[in-house]
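> Got a predicted structure plus its sequence, pasted below:
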Amino acid sequence: MKHVLILSLLAVVSVVLSILHDRHNKRRGQRHLQGRPLLTHEQFGEFYDSPDKANVAAKVREILSRHIAVDISAAIPSDRFILDLKMDALDSMSTVEFILELEEKFAIKIEDREAQQLVTLDDVIQCVSDKLKKP
């Protein structure tokens, strides 16, 4: 009985610490974006010259916004997922779901080795755009 109580207490502490860590990372990410203008997905796409790439950028950002807790409405293409947006807490399941949704939405395939090289929003947009250009 005593062991069960201790294990239960440890489980609760672990969950609380995880929640606090997630909140801390979310605040760090929001601080990085603080003071920037908020952009719609379409306005985010305007960072790109070509209408096709602007459309890809808007869709990529919209998809990403569904997979993370940080409000990325002030993010720009050069923002790095981990260093700037503090998405180091983005679990592997969320990452996989994000990549799968990109593949489904754009009818492309992103290899694991490619996904590991995606450091910024622009990296993802460039990867998707390049794959859409290939026959």
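Arrived safely, thanks for sending.

> contacts, neighbours, all on C-alpha from now
Fine.

> Strands of the protein, residue ranges please.
Assigned strands in the chain: none (criterion: DSSP state E).

> any low-confidence regions in it?
Across the chain, the ranges flagged by pLDDT under 70 are 2-30, 32, 86, 88-93.

> center of it, which residue is that?
Leu64 (4.8 Å; C-alpha atoms, centre = their mean).

> Chain neighbours aside, what residue packs nearest to that one?
Distances taken as C-alpha to C-alpha, 6 or more residues apart in numbering put Phe98 closest to Leu64, at 6.4 Å, once the chain neighbours are dropped.

> Identify the residues contacting the one you found.
63-64, 67 (C-alpha atoms under 8 Å, 6 or more residues apart in numbering).

> rerun at 10 Å
Listed by C-alpha atoms under 10 Å, 6 or more residues apart in numbering, the contact set of Phe98 reads 60, 63-68, 92, 104.

> Over to Leu33?
27, 70-76, 79, 84-85.

> Between those, which sits nearest Ile110?
Ile110 has its nearest neighbour among those in Asp79, at 20.5 Å by C-alpha to C-alpha.

> Isn't the closest one up against Val124?
No. Asp79 lies out of contact with Val124 (C-alpha atoms under 10 Å); the separation is 11.3 Å.

> which one of the two has more residues nearby?
Val124 (23 against 19; other C-alpha atoms under 10 Å).

> Grab the nearest non-local neighbour of the more buried one.
Leu118 is the one closest to Val124 (C-alpha to C-alpha, 6+ apart), at 5.8 Å.

> wait, isn't that neighbour in contact with Cys127?
Yes. Using C-alpha under 10 Å, Leu118 makes contact with Cys127 at a distance of 8.2 Å.
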